[in-house]
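Visitor: sharing a sequence plus its predicted fold:
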Amino acid sequence: MSIKDKFKDIFTYSDEEEETEQYLEVDEEEAKSISKYEKPKTRMAASEANIVMFEPRSFDEVEEIAKHLKERRAAVVNLKKLSLEYKQRTIDFLQGVTYGLSGATKQIDRDAILCTPVNVGVAGEISFDED
């Protein structure tokens, strides 16, 4: 009996009630994952995690940061050389990119942010109290 017939027997309604339990027998080859979504995800080793630093002078340079994030690299972005309008646009864009990659964005200075993809964890908080 093929696996297709076994599934058909299991999922079809029968008027007769059977008193014996039925088990589906599957060999190792049939039990292998069917699609790439069922395979376990591998984590990047700590030695492979890279951090790149950026100091954009215009909003046009932000696309390069997004490329690095997509390649699973963390990015420190210094926003000091951008006007206030472009700072906000840059932060909004990078937060969207990191959200789409299941990553995170953290402020690490008044004008600097850390963008991390999902494979890079960040622990701790920085206070910005003025002394």
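Guide: Looks like it came in fine.
Visitor: what is the least confident helix or strand in the protein?
Guide: Among the helices and strands of the chain, helix 28-31 carries the lowest confidence by mean pLDDT, DSSP states H and E, at a mean of 61.
Visitor: strands of the chain, residue ranges please.
Guide: Assigned strands in the chain, in chain order: 51-54, 74-78, 104-109, 112-116 (criterion: DSSP state E).
Visitor: same question for stretch 93-109: list its buried residues.
Guide: By 16 or more other C-beta atoms under 10 Å, the buried positions in stretch 93-109 come out as 94, 97-98, 101, 103-105. Placement of C-beta: from N, CA and C, glycine included.
Visitor: where in the chain is pLDDT low?
Guide: For the chain, the stretches with pLDDT under 70 are 1, 7-49, 128-131.
Visitor: can you map out the helices along it?
Guide: Under the criterion DSSP state H, helices of the chain are mapped to 3-11, 28-31, 62-70, 84-100.
Visitor: can you list contacts of the third one?
Guide: Around helix 62-70, the neighbours that count as contacts under C-beta atoms under 8 Å, 6 or more residues apart in numbering are 52, 54, 56, 75, 77, 90, 93-94, 97-98, 101, 103, 115, 117.
Visitor: go ahead and confirm V120 touches G103.
Guide: Yes: counting by C-beta atoms under 8 Å, G103 is a contact partner of V120 at 7.5 Å.
Visitor: ok so, going back, tell me the one of the contacts of helix 62-70 nearest S83?
Guide: T90 (10.3 Å; C-beta to C-beta).
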